[in-house]
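>>> Structure, please.
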Amino acid sequence: MDTFSEQIVTRQSNGSDLAKKILISAAAILIASFLMYMSIVYGFLVLVVPAVGVLYGGVWLLGSFSVEYEYIITNEELDVDKIIGRRKRKRMITLDLRSAEDFAPYTSDTSIQVDATVHATTGLEKDAHYLLVQHNSYGKVMLIFNPNQKTREAIMQEIPNALRIKLTHDAK
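Residues are numbered from 1 along each chain as shown. Got it, this is the predicted structure:
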């Protein structure tokens, strides 16, 4: 049977992101104002174009704080993409669910020795899960992510049968 599931989650902004947004906005406005002042006072009308460019660059930088993660399950593969500002998509990792070793809720206490960790979460740990998978290039990989019920069910369909039995037994 073919399995397909797709989910997009948006990363929550934090205080650091807000501070960066304020600094970028203030810097863009100050630099553009200075360039406009120079163009008006000294008659350098050529400086209007760079002033508009600085404002455009500031808006472009502010858009890069909008980060979304997309989880796509197609048969035995889980693809995790990072979407930045709704204009740039980057494949973070592709995992083969047939080589999964564990799948469970994630807490900050979770400590498992792995070769690589991939964070693709909303920033909220309360509904985060982790998936341990043996990867060809990176070794033992832990993916920390926020799957919804549909995505969790799709993962459960594709993980090895022994792990599925163990997880359903542990849930009871």
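
>>> Could you identify the helix or strand that succeeds the lengthiest helix in the chain?
Criterion DSSP state H: the longest helix present in the chain is helix 15-41. Following helix 15-41 in sequence order, the next helix or strand is helix 48-63 (DSSP states H and E).

>>> Now Pro147: phi and psi?
Here is the backbone geometry of Pro147 (degrees, to the nearest 10): phi -80, psi 140.

>>> before we move on, what about the one 5 residues further on?
Dihedral pair for Arg152: phi -60, psi -40, per degrees, to the nearest 10.

>>> residue contacts, it?
Residues in contact with Arg152 (CB atoms under 8 Å, 6 or more residues apart in numbering) are His129. From N, CA and C alone the C-beta is placed, and that goes for glycine too.

>>> Three-state assignment for Thr107, please.
Secondary structure state of Thr107, per DSSP: H, G, I helix; E, B strand; the rest coil, is coil.

>>> With the one 3 residues further on instead?
Assigned state for Thr110: coil (three-state reduction, three-state DSSP).

>>> Over to His169?
Three-state call for His169 (three-state DSSP): helix.

>>> From here on, call the first residue 101.
Taking 101 as the first residue, the last one we looked at is His269.

>>> Count the residues that sit near it.
Residues near His269, counting by other CB atoms under 10 Å, number 8.

>>> measure it to Gly153 for me?
The spacing between His269 and Gly153, counted by CB to CB, to the nearest Å, is 61 Å.
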